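Student: turn this into a structure:
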Amino acid sequence: FTRASWAIFGVSEVSTRLPGLFGFALMCSCLFWFVSRRTTPLWGAVACLMPMTTGAFAFSYEARPYGLTMGFASLALLLWQLAADDKWRKLAMAGLWLALSLAVSSHYYAVLVFLPIAVGEAVRSIQRRKIDWPLSSAILLASPIVFLYLPLVRGGVALQGVNPWNP
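Tutor: You can find the predicted model right below:
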C-alpha cells in the first residue's frame, strides 16, 4: 500500500503515511456502520469518534502498518455482521475473506482478529443450533495466508533474537 501511495503521490512523508490514515479512517467508518446497524446513528458516531480518544489515534499518522491492520480488521467485523444478517451475503462473505487476508498481510499480529470473529460465529452457531458452513468457510479460507508469512516471521526472529517483540 505504501508503494502504491508512492507511485500515485510520489515519495514523501505524507504519501508514506497515507495508507495508515486510510486504514484508520476505514476503521472509524466501519465502527460507525457496525454500531449504527444495532443501535442508532448517534451511538454509531460515538463509536466512530472513540478511537480518536485512545492510543490508537497515533497509528493514523505513523508510517507503520497498524492503521491498515485496524482498518481491515474492522472491515472484517462489519462484513461478518452483514453476512450473518443476510445482507449482501455472497458479497459480504467474499469481502470478509479479503479483509481478513489483507489484515494478516498488513501485519501478522492480525492473526488475532480471527479469534473474536471465530468465537462470534461459534456462538451464533450454538444459538441457531446450526453451523453456517458458507460463512464459517469464508473465515477458515482466509487463515492459510498466515502460513505464507511464516518464513518472514521466522526470519525476523532469527535477526532479532528469541523475542522479536521486545527490544
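
Student: what about the nearest residue to A94 once chain neighbours are set aside, which helix or strand?
Tutor: Distances taken as Cβ to Cβ, 6 or more residues apart in numbering place A138 nearest to A94, at 7.3 Å, with adjacent residues excluded. Any C-beta I mention is one placed from the backbone N, CA and C, and that applies to glycine too. When secondary structure is defined using DSSP states H and E, the element that contains A138 is helix 133-142.

Student: what sits up against that helix?
Tutor: Helix 133-142 is contacted by residues 80, 83-84, 89, 93-94, 96-97, 100-101, 104, 114, 117-118, 121, 125 when judged by Cβ atoms under 8 Å, 6 or more residues apart in numbering.

Student: who wins for most neighbours among those?
Tutor: If you count neighbours using other Cβ atoms under 10 Å, the busiest of those is L100, which has 29 neighbours.

Student: let me see the mean pLDDT of the very next helix or strand once past the helix holding A138.
Tutor: Per DSSP H and E, helix 133-142 leads on to helix 145-148 as the next helix or strand towards the C-terminus. Taken as a whole, helix 145-148 has an average pLDDT of 81.

Student: if anything else comes up later, I'll come back, but that's it for now.
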